[in-house]
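J.: got a sequence here, can you model it:
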Amino acid sequence: MALSTIQKLALSCIGRRYNEQHVFTPVTLLAITAYIDEHYGGRKARTQNVRQSLARLEQQCLLTVHTLNETPPVHTYQLTEVGMLKAQEIILEEDSAASQGPDLFWS
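T.: Numbering: from 1, shown residues only. Alright, predicted model coming up:
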């Protein structure tokens, strides 16, 4: 299954949150977009593109989407077990590339 850069970064964001907290924590679209902006070579990710990428990850059963009952509704994203395995692969690739020089993985 080929993943786009945005999808890889989204999985990395959610996976790293799990690694920090050791629990499958839902992550908001805003947090994912901010993470992508920080790691995507200075380019800004469009929220619509991120939302579409996350929808494709949901179709591939790599994450689940939850809607919080707020105004406006807040969507949160949580990895499935399969999604966590994929996120761990991506995180290992990122960390390996980062140890060899800045921005090699995402350039």
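
J.: give me the residues contacting stretch 37-54.
T.: Residues from elsewhere that reach stretch 37-54, judged by Cβ atoms under 8 Å, 6 or more residues apart in numbering: 4-7, 9-10, 12, 29, 32-33, 36, 63, 65, 75, 77, 103, 106-107. C-betas here are computed from N, CA, C, even on glycine.

J.: buried residues in whichever helix or strand Ser53 is part of?
T.: Assigned by DSSP states H and E, Ser53 belongs to helix 47-59. Buried residues in helix 47-59, defined by neighbour count with 16 or more other Cβ atoms under 10 Å: Val50, Ser53, Leu54, Leu57.

J.: keeping just the C-alphas, turn it into CSV.
T.: Provided in CSV are the C-alpha atoms of helix 47-59 (Å, rounded to 0.1, in the frame of the first residue of the first chain):
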residue,chain,number,x,y,z
THR,A,47,-6.6,21.3,5.7
GLN,A,48,-8.8,19.9,2.9
ASN,A,49,-5.8,17.8,1.6
VAL,A,50,-5.1,16.5,5.0
ARG,A,51,-8.7,15.7,5.6
GLN,A,52,-8.9,13.7,2.3
SER,A,53,-5.6,11.9,3.1
LEU,A,54,-7.0,10.9,6.5
ALA,A,55,-10.2,9.7,4.9
ARG,A,56,-8.1,7.4,2.6
LEU,A,57,-6.2,6.1,5.7
GLU,A,58,-9.6,5.3,7.3
GLN,A,59,-10.7,3.4,4.1
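
J.: ok, whichever helix or strand comes after it: who's next to it in the sheet?
T.: Where DSSP H and E defines the elements, the next helix or strand beyond helix 47-59 is strand 63-68. Strand pairing for strand 63-68, using DSSP bridges, gives strand 74-79 (antiparallel).

J.: list the buried residues of the strand it pairs with.
T.: His75, Thr76, Tyr77, Gln78, Leu79.

J.: next: stretch 79-97.
T.: Leu79, Thr80, Gly83, Met84, Lys86, Ala87, Gln88, Ile90, Ile91, Glu94.

J.: quick check, nearest of those to Asn19?
T.: Ile91 (7.4 Å; Cβ to Cβ).

J.: where in this structure is pLDDT low?
T.: Scanning the chain for pLDDT under 70 picks out 1, 41-43, 100-107.
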